[in-house]
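K.L.:
I'll drop the sequence and a predicted model, then ask my questions.
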Amino acid sequence: MDDLLNYSLGNDPLTSFKEWFDAASLVEQNAPAMSVATYDHEHHRPMARVLLYKGLQNDCLTFYTNYLSHKSKDLDHNPEVCLNFYWHVSGRQVRVQGKVSKMSHSDSEKYFHSRDRDSQIASYISTQSSAIADKQALMDKFEQTKNAFEGKPVPCPEHWGGYLVKPYEFEFFLYGANRINDRFLYQLKNNKWEVTRLQP
């Protein structure tokens, strides 16, 4: 498409996404924040939450979470996911559709040990999304675990790790004057990215 360069876009949406993300990171307070939408198989409804994007790995977008969480159970049944990035200052959005797979435990472990120690302990003790009596019960469990691992490495739990999102669709959205927005849809067809300009 002849006018892609006018919007800092190219033929490869992964490269364009990285350039947009790097530019947003310079001016946006919460650039890595993204909504992650899954399909709740139990109640037959969409679910969304905000997580932190953790970079590209082998042409996949990555994030980390507890594999016992609602989102992970949804992804076990349906590996389709939608990510959405909104950058207010930049006046841009990016929507990504893709299929997920779990990251290797060794890669998850490497990231786990790069986090601050309290975050490691919090992830170690959490059975995410399950009920707990009250906040104090959680804090007591945190302190007990912190004391138990004093002077020792905190092991990365088997129920915690990363996801790789292999994209097959990107939409790049730029806000324009009078709501004449610019939208470019990239779709992976026969291992080749096709680009379509969409109406606002």
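P.N.:
Good, I have the coordinates.
K.L.:
only C-alpha atoms for contact and neighbour calcs from this point on.
P.N.:
Fine.
K.L.:
what is the longest strand belonging to the chain packed up against?
P.N.:
When the chain is parsed with DSSP state E, its longest strand is strand 160-174. Applying 3 or more Cα pairs under 8 Å, 6 or more residues apart in numbering; DSSP states H and E, one finds that strand 160-174 contacts strand 60-66, strand 92-102, helix 105-112, strand 182-189.
K.L.:
next up, phi/psi of Asp116, please.
P.N.:
The phi and psi values for Asp116, taken as degrees, to the nearest 10, are phi -70, psi 150.
K.L.:
residues near it, how many?
P.N.:
Residues contacting Asp116 under the criterion other Cα atoms under 10 Å number 9.
K.L.:
check what pLDDT it gets.
P.N.:
Listed pLDDT for Asp116 reads 94.
K.L.:
okay, it and Phe63: tell me how far apart.
P.N.:
Separation of Asp116 from Phe63 (Cα to Cα, to the nearest Å) stands at 17 Å.
K.L.:
and if you look at Trp193?
P.N.:
Distance of Trp193 to Phe63, computed by Cα to Cα: 24 Å.
K.L.:
how about Ala33?
P.N.:
According to Cα to Cα, Ala33 and Phe63 sit 11 Å apart.
K.L.:
so for these two, which residues contact both of them?
P.N.:
Common contacts of Ala33 and Phe63 (Cα atoms under 8 Å, 6 or more residues apart in numbering): 51-53.
K.L.:
now the residues you listed in JSON lines, with pLDDT?
P.N.:
Listed next are these as JSON lines, based on pLDDT from 0 to 100:
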{"residue": "Leu51", "pLDDT": "98"}
{"residue": "Leu52", "pLDDT": "98"}
{"residue": "Tyr53", "pLDDT": "98"}
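K.L.:
of those, buried ones?
P.N.:
Neighbour counting by 16 or more other Cα atoms under 10 Å classes 52-53 among the shared contacts of Ala33 and Phe63 as buried.
K.L.:
which of the shared contacts of Ala33 and Phe63 fall within helices?
P.N.:
Using DSSP state H, no member of the shared contacts of Ala33 and Phe63 sits in helices.
K.L.:
now the shared contacts of Ala33 and Phe63 in CSV, with distance to Tyr163?
P.N.:
Output for the shared contacts of Ala33 and Phe63, formatted as CSV (distance: Cα to Cα, whole Å):
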residue, distance to Tyr163
Leu51, 12
Leu52, 12
Tyr53, 10
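K.L.:
domains of the protein?
P.N.:
Per automatic domain parsing, the structural domains of the chain span 4-106+159-198, 114-155.
K.L.:
which of those domains has the lowest average pLDDT?
P.N.:
The weakest mean pLDDT among the domains of the chain belongs to domain 114-155, with a mean of 89.
K.L.:
where do the strands sit along this structure?
P.N.:
Secondary structure of the chain (DSSP E): strands located at 33-40, 45-52, 56-57, 60-66, 80-87, 92-102, 160-174, 182-189, 192-198.
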